[in-house]
Each structure stands twice: as structure tokens, then as C-alpha cells.
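Enquirer: Have a look; sequence and predicted model below, questions after that.
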Amino acid sequence: MLSAEVRTITTPDELLAIDACPSGNYVLGSDIDVSKLCEEASGWQVLCGSARQAFAGTLDGKGFSITGLTTTAKQQYVALFGFVGKTGTVKNLRLSGVSIQPSECDAVGGIAMSNSGTIEKCIVSGTIEACGSYWQRYSATTDVYVGGICAKNIGNIVRCSFDGNVNVELSDTANASVGGIVATSNGSIERCYAAGSLRVVGAEVYGGGIAGYLYGGYVEDCASHAGISTRSHSGSSDAGGICGRLECVDIDSSGRIARCLVTGSVVASGSPAASGICGYAKGRGSISECVILSPSIVGVPPGLYVAYVVGVDEGYRGDDALFVYDGNNYALAVEAGALLREDALIITSEVAEKPSFYISLGWDLASVWEFEGMEGCIKLRV
């Protein structure tokens, strides 16, 4: 098949045939149920499962759904695609009612395990659970990555959403990065939102409504309505409404979070760093024009590293290396008695109810956000 040809997919077998031509162009012509395939193979077998065979074409879901994607088997990684390459695009696709519960895994994503290309207008809903590391028998310390859309992103993720429950519970020798959209990212994430709940337990853990761990790139115009809970056995427990940890220490790296909304609660336990936006920040970067409407932000045990915007700030303070976030982020005051560092400007619910407030921050209410008042809050147009 020539890459310029567009092939319509209407059956599970035709979906699997993408493996034979990963540079092809495809569209879905109907909803597809892959539950029988998953039953026969003891779980979903990822498409384009190696970096050498990364998906380099286009899959346009045309708004149709893939249902029945399940697994409980031990797999190194689980996702619709293993690798989406630099020229690959997956768009307009729904993964509905996923049930990803591998007994052991290294990385889990709804759409992709690794993305170097573009994932756009994709919606994932369902349940993701992980309870063991795939490499735990071979190494004293291992890492697990779980994201609702993608585990590891160095590409572009635009206008995607995850709505469901993520539960990662690991031993005291396994670390975890978990996010509602991505586990780790050094790429771009724009106009995405997450809802539901995210819980992560492990040796050292990073959990965020959008990203678990950012080491560059940016997150802009995103929203998290998910409740975030992290607990560490021994190391850091970094929890944030947008990202658990933002760490940009290389000379050429910088991270940016801008115009993001958080409405879910945040709880970090163990060695906690908790905040409405970013649990722990180190290196070069900025957080600006964000609004935190979380009902609670808590560290257990209570300590110094709980705040509205950044729980722990280890930004380099050189002339050309400053982590900036003071002065232009806003929050509703959380419940009385909470030990919280006020690194945001406190607003009232009356202010938060006014569209003019968001417009003054540079939020686009004409094409990016839509306003529904405090009951439905301000909502992304995904």
C-alpha cells in the first residue's frame, strides 16, 4: 500500500493490519470492538510495538470509538500504539471504557506508550491500574510510567482528554510518574483536560492532573478536574494539580505552564510536596496566569512544602536561570486551618465567577475556553 493511499478501517483485523504498513494513512469508518481480540490474546497487543516500527502515518478516527481494549496480563507496556514516530499523527479518536490492569508493566498510555509525533482530539475513558513493575526481578530499583493519553511524550498532544480512574500501587523498590494526560513530557501539551481520580503509591512518586513529570516543553490552556493523591514509601511524594514535578536542569531546557485551571483536590503523603499547580520545581521555567479553585491542598504529615502554586522551589537563581511564578497566579482560599504557603494572589468566589477576570489574564473565552459559572466552572472547548 502506498503511503498516500487512505485505507478505511471497519473491523478489528483491519486495525491490526496497521502493523504491516506503519507509514500508511488510515481512517475509521465505524466504531470497532476489540474485546474478542483481547480475550483471544490474553490482552491487547500494541500496534507498532517497537521504535524501529514506529507509526509514521496518519490515523483519523473521524470521531468513532474503539471499545473493549482490556488487559490483565504481564506486559512491558500497554497502549493502543507502542510508538508514534515524528511524522505520525493520531487524531479524532475515542477509546471508550478501557480496562488496563496489567499485573506487571513498565509503561501505560491510552493512545500511545511513546509519542514523538502528534496526538490530537483524542478522548480516553475508563480504568487504568498498575500493581507491579515489569523489570522488578532484574533490577533493585525500577520505574513505572502511566498516562491517560500517553506514557512518554516528546511530541505534541493537543485537545485531548482523559476521564476515568488511575490507580498505581507499587512496592518500595519501584518509582512512578503518573499523569492524567502524560506520565513524562519534554514536548507540548495544549488544550487538554483530565477528570476523575489519580492515585499513586511507590518508592518515589510524581503525580499530576496533566503530567507526572515535566523535564522541558510546555503545558498551556489545560484543565484538571481530577483528584490527585500520592504516597511514597521512602523518597519524594510530589503532587500537583497540573504536574507532580517540573525539573529542567539541562542548559538548553526550560519548562512552562500557562493559563491552566485546577479544580480537584491534591493530597501528598510520605515525604510530601503538594500544590495546586506543581508539587516540586527545579531549574529553569515559569508558571503564569493559572487559576487554582481546588477545595483542598494537603501534605501528610503537615510541613513546609505545601502551597498554592509550587510546593518546593529549587529554581536556579542565576541571571539567565530563574524559575518564575510569583505575582500572576490566582487561587481561592482553601479550607481554614490548612498549612499552606500563599504564593498565589487570593481571590474570592465572586471574582472567579466573572468572565472578565479570565479575560484579564489573557485567557481566550472565544475559541479556547467557555464560561459556565462556578457550578460548571470554566470549561475547555476540546
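Expert: Cool, got the structure.

Enquirer: Residue 124 contacts residue 98, doesn't it?
Expert: Yes: checked against Cβ atoms under 8 Å, the pair residue 124 and residue 98 is within contact range at 6.4 Å. C-beta here means a position set from N, CA and C on the backbone, and glycine is covered the same way.

Enquirer: Show me whatever sits in contact with both of these two.
Expert: Shared contacts of residue 124 and residue 98, defined by Cβ atoms under 8 Å, 6 or more residues apart in numbering, comprise 110, 164.

Enquirer: Please identify which of the two sits among more neighbours.
Expert: Taking other Cβ atoms under 10 Å, residue 124 and residue 98 do not tie; residue 124 has more neighbours (31 against 26).

Enquirer: That one and residue 240, how far apart?
Expert: Note on residue 124: its distance to residue 240, by Cβ to Cβ, to the nearest Å, is 21 Å.

Enquirer: tally of neighbours for the closest residue to residue 103 other than its chain neighbours?
Expert: Spatially, and ignoring its direct neighbours in sequence, residue 103 is nearest to residue 74 (4.9 Å; Cβ to Cβ, 6 or more residues apart in numbering). Neighbour count of residue 74, defined by other Cβ under 10 Å: 13.

Enquirer: which SS class is residue 74?
Expert: coil (DSSP: H, G, I helix; E, B strand; the rest coil).

Enquirer: which SSE is residue 230 in?
Expert: strand 227-232 (DSSP states H and E).

Enquirer: Would you give the sheet partners of that strand, along with the direction of each?
Expert: strand 193-202 (parallel), strand 266-269 (parallel) (DSSP bridges).

Enquirer: From the contact counts, what lies against the following helix or strand past the first one?
Expert: Using DSSP H and E, the helix or strand that follows strand 193-202 in sequence is strand 205-208. Under the contact criterion of 3 or more Cβ pairs under 8 Å, 6 or more residues apart in numbering; DSSP states H and E, strand 205-208 touches strand 174-179, strand 193-202, strand 227-232, strand 237-240, strand 243-248, strand 278-283.

Enquirer: How far away from the center of its chain is the second one?
Expert: Average the C-alpha atoms of strand 193-202, do the same for its chain, and the two points are 9 Å apart (Cα atoms, centre = their mean, to the nearest Å).

Enquirer: and the angle for that strand with strand 174-179?
Expert: When axes from the mean of the first three to the mean of the last three Cα atoms, to 10 degrees is applied, the directions of strand 193-202 and strand 174-179 differ by 170 degrees.

Enquirer: next one: the fifth one
Expert: Relative orientation of strand 243-248 with respect to strand 174-179: 100 degrees, computed using the same axes, to 10 degrees.

Enquirer: Numbering from 616 from now on, please.
Expert: Let's use 616 as the start, then, which means that last one is strand 858-863.

Enquirer: Go through stretch 629-637 and flag the buried ones.
Expert: Neighbour-count burial for stretch 629-637 flags 630, 632-633, 636-637 (criterion: 16 or more other Cβ atoms under 10 Å).

Enquirer: Pick the most buried one from the strands paired with strand 842-847.
Expert: With neighbours defined as mean count of other Cβ atoms under 10 Å, the strands paired with strand 842-847 peak in mean count at strand 881-884, which reaches a mean of 26.

Enquirer: Keeping just the C-alphas, turn that one into CSV.
Expert: Listed next in CSV are the C-alpha coordinates belonging to strand 881-884 (Å, rounded to 0.1, in the frame of the first residue of the first chain):
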residue,chain,number,x,y,z
VAL,A,881,-4.5,17.5,45.9
VAL,A,882,-3.0,15.2,48.7
ALA,A,883,0.6,14.2,49.1
SER,A,884,1.7,11.7,51.8
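
Enquirer: average pLDDT across that strand?
Expert: The pLDDT scores in strand 881-884 average 95.

Enquirer: Could you identify the helix or strand that succeeds that strand?
Expert: Strand 881-884 is succeeded, C-terminally, by strand 887-890 (DSSP H and E).

Enquirer: Reformat the strands paired with strand 842-847 as a markdown table; add distance to residue 927.
Expert: As requested, the strands paired with strand 842-847 are exported to a markdown table (distance: least, Cβ to Cβ, whole Å):
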| stretch | distance to residue 927 |
| --- | --- |
| strand 808-817 | 18 |
| strand 881-884 | 11 |
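
Enquirer: and of those strands, who's closest to residue 946?
Expert: strand 881-884 (11.7 Å; Cβ to Cβ).

Enquirer: and the closest one, how far out from the chain's middle?
Expert: Chain-centre distance of strand 881-884: 17 Å, with Cα atoms, centre = their mean.

Enquirer: Could you do stretch 833-842 as well?
Expert: 8 Å.

Enquirer: swap in stretch 786-805?
Expert: Distance, centroid of stretch 786-805 to centroid of chain: 7 Å (Cα atoms, centre = their mean).

Enquirer: Right, I'll call it a day here.
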